[in-house]
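Visitor: compute the structure for the input listed below.
(4 chains)
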There are 2 protein chains.
Amino acid sequence: MIETERPLRADARRNRDRILESAREVFGENGAEAQIDDVARRAGVGVGTVYRHFPTKEALMSELVRRQFRLFADRAREAYEDVGADDDAFAALDGVMRHNAETTAGDAAVRYAMTSGGHHIWDQARVEQQELLNTTEMFLARARRAGKVRPDTQATDIAMLMCGVCSTMGTGRPEFDWRRHLDLAIEALRPR
Amino acid sequence: MIETERPLRADARRNRDRILESAREVFGENGAEAQIDDVARRAGVGVGTVYRHFPTKEALMSELVRRQFRLFADRAREAYEDVGADDDAFAALDGVMRHNAETTAGDAAVRYAMTSGGHHIWDQARVEQQELLNTTEMFLARARRAGKVRPDTQATDIAMLMCGVCSTMGTGRPEFDWRRHLDLAIEALRPR
DNA sequence: CAATATAGTGAACTACGATTCCGTTTGTCA
DNA sequence: TGACAAACGGAATCGTAGTTCACTATATTG
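Guide: Reported below is the predicted structural model:
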């Protein structure tokens, strides 16, 4: 019963990609209050074309967020598969967190979804988030076994802390250094 | 050269207070996208009256934020004055952080200023923030002396972590528990 | 190379919400 | 109590930005 979609026309596919790329840039520069018209202009496309691909502004942002979480989930899984001994699990998770934070630092659309309400946008990436949480939990299980994390650490703790770090990225206050925030957050996970 | 303002007329003072109170409620319920009309209605006052007291929506939010930080700074100073031995400084700071977080949890206007850009709003409370930072630094100095904090902890670290905790409050995601976040943040400050 | 479904365009439309403005009301003070 | 400055009210204004739509352009396919 799955409706097999016919493939997009070549120009349509090209434009869709351009729009997403431009949207990432524009939202990255101006935050969520950036305008669709700007996205269209940057993509070299009319507004109508943007709306053909994404019925609302929210849908466009959702897709950006979904892709980003797809990336996060994939990276986490790959890193997990490379973990040798339980002893290395925590260090690997640490690496994933830093890598993903670094990516998010350049992407205001995701930050917006992570920090400023935006329920709908957040929900759209449910699957990807769950996958990321699951992988995180697997990391934690192994790290716990090796005694490298506080035994009560949950995957949602990590998610929550990461959201906190992301909120620091968006403040624009130079005395707030998100890398420092991340260091402290990771420190909080270590067993006493 | 200081312009001595004549005191507000009695009804004006009353209305000003009502408006601030209503604004706190309305922003608390609907976030920053709450409307001035709602604030006016709740205060039992016309929109014009709101605008007489606060020239823009931003000015109204700024005043809410300023008052809140005034409260935070005062509380911190009082608590500081009550600290007996250096040994107790960290526990006292812990208490202040929890108390202030609890207050912020019911005040979306402040959360908005702390997490979502809003530079102007944030700047308006500069004095109060600086006072809070100074007191925090005094707490830290004593706690450091007693060996109860990581020696590299800065007052801005605390501010940044608190902003992170506040961002958790606003997500509306039930699996995110800001008290847990705060616990972890405080944990991060302890010396290894 | 038609025929045609798909896709693109951007001016115009809309909704929404901040802000203004001026006629009316009220507190204050002599 | 009368005069008047201060304050109030709320309908009307204005700007902004998301969204639509009628028309045109073009990729695909036989």
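Visitor: look up how far B:F90 lies from A:F72.
Guide: 35 Å (Cβ to Cβ, to the nearest Å). The way it works is simple: take the backbone N, C-alpha and C, and place the C-beta from them, glycine included.
Visitor: now do A:P151
Guide: 24 Å.
Visitor: those two: which is more packed in?
Guide: More neighbours surround B:F90 than the other of A:P151 and B:F90, with 24 against 10 (other Cβ atoms under 10 Å in any protein chain shown).
Visitor: tell me which element that one falls in.
Guide: Using DSSP states H and E, B:F90 maps to helix B:89-105.
Visitor: now the helix or strand following that helix - C-alpha only, PDB.
Guide: Per DSSP H and E, the first helix or strand lying C-terminal to helix B:89-105 is helix B:108-115. Taking C-alpha atoms only, helix B:108-115 is exported to PDB below (Å, rounded to 0.1, in the frame of the first residue of the first chain):
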ATOM      1  CA  ALA B 108       9.100  32.900  30.800                       C
ATOM      2  CA  ALA B 109      10.000  36.600  30.200                       C
ATOM      3  CA  VAL B 110      13.300  36.100  32.000                       C
ATOM      4  CA  ARG B 111      13.900  32.800  30.300                       C
ATOM      5  CA  TYR B 112      13.300  34.500  27.000                       C
ATOM      6  CA  ALA B 113      15.900  37.100  27.800                       C
ATOM      7  CA  MET B 114      18.400  34.500  29.000                       C
ATOM      8  CA  THR B 115      18.100  32.100  26.200                       C
END
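Visitor: mind giving me the packing neighbours of helix B:108-115?
Guide: helix B:10-30, helix B:57-82, helix B:89-105, helix B:119-123, helix B:155-170 (3 or more Cβ pairs under 8 Å, 6 or more residues apart in numbering or on different chains; DSSP states H and E).
Visitor: just the closest residue of chain A to DNA strand C, please.
Guide: A:G48 (1.8 Å; Cβ to the nearest atom of the strand).
Visitor: quick check, A:N15 in contact with A:G48.
Guide: No - using Cβ atoms under 8 Å, A:N15 is not in contact with A:G48, being 11.2 Å away.
Visitor: for chain A, where's the lowest mean pLDDT among helices and strands?
Guide: helix A:108-115 (a mean of 76; mean pLDDT, DSSP states H and E).
Visitor: do it and DNA strand D meet at all?
Guide: No - in terms of Cβ under 7 Å from any atom of the strand, no part of helix A:108-115 sits within range of DNA strand D; the closest distance is 12.3 Å.
Visitor: coming back round to it: hey, which of the helices and strands packed on helix B:108-115 is tucked in deepest?
Guide: Of the helices and strands packed on helix B:108-115, the one with the most neighbours on average (mean count of other Cβ atoms under 10 Å in any protein chain shown) is helix B:155-170, at a mean of 24.
Visitor: measure how it sits relative to helix B:108-115, angle-wise.
Guide: Orientation check (axes from the mean of the first three to the mean of the last three Cα atoms, to 10 degrees): helix B:155-170 against helix B:108-115 gives 130 degrees.
Visitor: how distant is helix B:155-170 from the center of its chain?
Guide: Chain-centre distance of helix B:155-170: 11 Å, with Cα atoms, centre = their mean, to the nearest Å.
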